[in-house]
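Colleague: Sequence first, then the predicted structure:
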Amino acid sequence: MSVASQDTAIRTGRITRTLIYVVLILFALFYMLPLYVMVVNSVKPLSEITGGGMMNLPREFTLDPWFKAWSSAQIGVEPTGLAPYFWNSIKMVVPAVAISTVLGALNGYVLTKWRFKYDTILFGLMLFACFIPFQIVLIPMARMLGLMGLAGTTWGLALVHVVYGIGFTTLYFRNYYAVFPTELIRAAQIDGAGFFQIFWRILLPSSGPIAVVSIIWQFTNIWNDFLFGASFAGADSQPMTVALNNLVQASHGVKEYNVHFAGAILAAMPTLLVYIVAGRYFVRGLMAGSVKG
Amino acid sequence: MAHTANSDFKTRLQNWIPKLVLSPSVAMMLVFVYGFILFSVYLSFTDSRLLPSYGWVGLENYSKLWRLSHWEISLKNMGIFAALYIAICTSIGLGLAIFLDQKIRGEGLLRPIYLYPMALSFIVTGTAWKWFLDPGIGLENVMHTWGWESFEFRWIKDRNFAIYTVVLAAVWQTSGFVMAMFLAGLRGIDNEILKAAQMDGASNWNLYRRIIIPQLRPAFLSAFVILSHLAIKTFDLVIALTGGGPGRATELPATFMYSYTFTRNQMGIGAASATIMLMTIAAIMIPYLYSELREKR
């Protein structure tokens, strides 16, 4: 058997190839453009931007917009900068990612290795929950958070993200465990291992890659969320995305575009870093999100 | 005796543990997803305004909704946006995937560049494009200082064109992801068939038209489902890019629902619009998920 090659067997001529490279590079420039605009304009004085120099490299390099965006820009009514909101996001993301991933792993384990009647229907219901337009749960969720005494708190937001995240984390672990040899589990059962022992000793040690996929997916989604943050956060629990939007949309005073761009990069930084460090897993999560495991 | 009863209890416990472990997630799902859906649908038949209220008004909210020009604009925008967004993302995604699949040097560098926007928040994307497209400081102004005095590009401020800037930013964000889906499909195609067809003298064009693209059907289907559900849920991007304006030129159902529910205190109408959004997504997702889950058997 010959090894199947990764690339296509299509052969192309020299002119076609040149054209292909030109198109590919033009698109690369298109995708880089907003990032270039953000970075370049976050390190120049405002006058250079308003003077028509948005596409130019900075004539005078300054980090002031960054410091201002981080610690002194006016967000809403307080001149606090984005820093407190950055920490709000961290405080919301960490527990939400951890809890939803653990629950997803356990659910995936049950749904593949301890199958019972109607488990596929149950999973289908969980999966559909990932795709609902969240507008349909906004009103009752606001009431429920109020009843639970979690309205306007970081914990409330974390709870919301756990609830609407477990569909995806369950999907990841279910598809991953589905191909894990069930004979190993049966053998361990015969040896007297219980439910948690099997999970802990047999499945968990080989779950590294899918755990990374799940963590990255949840981190990116929850960090980037705006709808829940805007609907349920109180003044002192707003996440980064909501604060950035408040900064940019503020109608009073001079529009400090350079500060806006610096703020946008600050909001993008965590997910971008994750993407740079673990892009492979990020792409895997995206692909698994289109359901095919 | 005591021994058997004890081990009996243990096996029964072992049988119950999996269901116990699953139950918190199932309970949360039933309450927070399906219970809430029922509650919202119920509210859409009531006279709720600032707060939920339980006076039954039948279909009044729906008939009011369909008479609102604001809703009509949102739906029309949704039509334009979804059609263009899905068509353009699919074309760009497929094109880039086919090009990248030609043993391209530097593929490892290009692919992450095409895909990184997917890692960003729509608020970040919206902010970047908002100022880049702004005639006062962005592209138009830059062209003027570069000497092209007559250059004009003010779509974002133009009622008739603003919706296309939303399309532009959304395509920028997700087309790389569609590319990755098609590329995975292309990499899964058996090269032996292609080689055999080449022996028979098939041109590249025909290879793609007759053999390769038909084999990408599952990728097309996934791309369509993912893109249409993203389109219906589009909210943050509009808020950050145009705020729904100028006027109401870029309002979408998601922004309509939000403003009717939370700023205009017309909760009944907001719930009715959310119900319609849910039904649209359900019409696309349920058949898709059903077929996906059945295939696994």
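Modeller: In hand now; what should we look at?
Colleague: Now do the same contact list for A:Met287.
Modeller: A:Met287 makes contacts with B:Ala180, B:Met181, B:Ala184, as judged by Cβ atoms under 8 Å, 6 or more residues apart in numbering or on different chains. In this view, the C-beta of every residue, glycine as well, is placed from N, C-alpha and C.
Colleague: Provide a list of residues in contact with the second one.
Modeller: Right, B:Met181. With Cβ under 8 Å, 6+ apart as the criterion, the residues that contact B:Met181 are A:Met287, A:Ser290, B:Gly93, B:Ala97, B:Ala219, B:Ser222, B:Ala223, B:Ile226.
Colleague: repeat that with 6 Å
Modeller: B:Met181 makes contact with B:Ala219, B:Ser222, B:Ala223 under the criterion Cβ atoms under 6 Å, 6 or more residues apart in numbering or on different chains.
Colleague: need the next SSE after the host helix or strand of it, C-terminal direction.
Modeller: According to DSSP states H and E, B:Met181 maps onto helix B:162-187. Where DSSP H and E defines the elements, the next helix or strand beyond helix B:162-187 is helix B:191-199.
Colleague: buried stuff in that next one?
Modeller: Counting neighbours by 16 or more other Cβ atoms under 10 Å in any protein chain shown, one finds that the buried residues in helix B:191-199 are B:Asn191, B:Leu194, B:Ala197, B:Gln198.
Colleague: and of the contacts of B:Met181, the nearest to chain A?
Modeller: Distance from chain A was checked for each of the contacts of B:Met181 by Cβ to the nearest Cβ. The minimum falls on B:Ser222, at 4.2 Å.
Colleague: now for the longest helix along chain B, which elements pack on it?
Modeller: For chain B, the helix with the greatest residue count under DSSP state H is helix B:69-100. Other elements packing on helix B:69-100 under the criterion 3 or more Cβ pairs under 6 Å, 6 or more residues apart in numbering or on different chains; DSSP states H and E are helix B:162-187, helix B:217-233, helix B:253-258.
Colleague: For chain A, tell me whether the shortest one is touching it.
Modeller: Yes. Taking Cβ under 6 Å from any Cβ of the partner chain as the criterion, helix B:253-258 and chain A are in contact, through B:Met257.
Colleague: relative orientation of the helix or strand that comes right after that helix and helix B:217-233 in degrees?
Modeller: For helix B:253-258, the succeeding helix or strand toward the C-terminus, using DSSP H and E, is helix B:267-295. With axes from the mean of the first three to the mean of the last three Cα atoms, to 10 degrees as the basis, helix B:267-295 and helix B:217-233 are set at 170 degrees to each other.
Colleague: quick one: helix B:267-295 to chain centroid distance?
Modeller: Its chain's C-alpha centre lies 13 Å from the corresponding centre of helix B:267-295 when counted by Cα atoms, centre = their mean, to the nearest Å.
Colleague: what does the stretch 1-150 of chain A have sitting close to chain B?
Modeller: Where the stretch 1-150 of chain A comes near chain B, counting by Cβ under 6 Å from any Cβ, the residues are A:5-10, A:12, A:20, A:24, A:28, A:31, A:34, A:37-38, A:49-50, A:52, A:54-55, A:103, A:106-107, A:110, A:114, A:120, A:124, A:126-127, A:129, A:131, A:133, A:135-137, A:139-140.
Colleague: State the helix or strand in which the residue nearest to the spatial centre of chain A lies.
Modeller: Most central in chain A under Cα atoms, centre = their mean is A:Thr220, positioned 1.1 Å from the mean C-alpha point. Take DSSP H and E as the rule and A:Thr220 turns out to sit in helix A:208-224.
Colleague: And that helix, what's buried?
Modeller: Within helix A:208-224, the residues that qualify as buried by neighbour count (16+ other Cβ under 10 Å) are A:210-224.
Colleague: of these, list those near chain B.
Modeller: Near chain B, taking Cβ under 6 Å from any Cβ as the test, the members of these found are A:Thr220, A:Asn224.
Colleague: Show me which of the buried residues of helix A:208-224 is closest to chain B.
Modeller: Distances from these to chain B were compared by Cβ to the nearest Cβ; the smallest belongs to A:Asn224, at 3.8 Å.
Colleague: residues in contact with the most centrally placed residue in chain B?
Modeller: The residue at the geometric middle of chain B, judged as the C-alpha nearest the mean C-alpha position with Cα atoms, centre = their mean, is B:Leu230 (0.6 Å). When contacts are counted by Cβ under 6 Å, 6+ apart, B:Leu230 is found next to no other residue.
Colleague: before we move on, what SS does the closest residue to A:Leu111 other than its chain neighbours have?
Modeller: The spatial neighbour of A:Leu111 that comes closest, neighbours along the chain excluded (Cβ to Cβ, 6 or more residues apart in numbering or on different chains), is A:Arg174 at 5.0 Å. Taking DSSP: H, G, I helix; E, B strand; the rest coil as the rule, one finds A:Arg174 in the helix state.
Colleague: Hmm, A:Arg174 is touching A:Tyr109, no?
Modeller: No. Under the criterion of Cβ atoms under 6 Å, A:Arg174 lies out of contact with A:Tyr109, with a separation of 8.6 Å.
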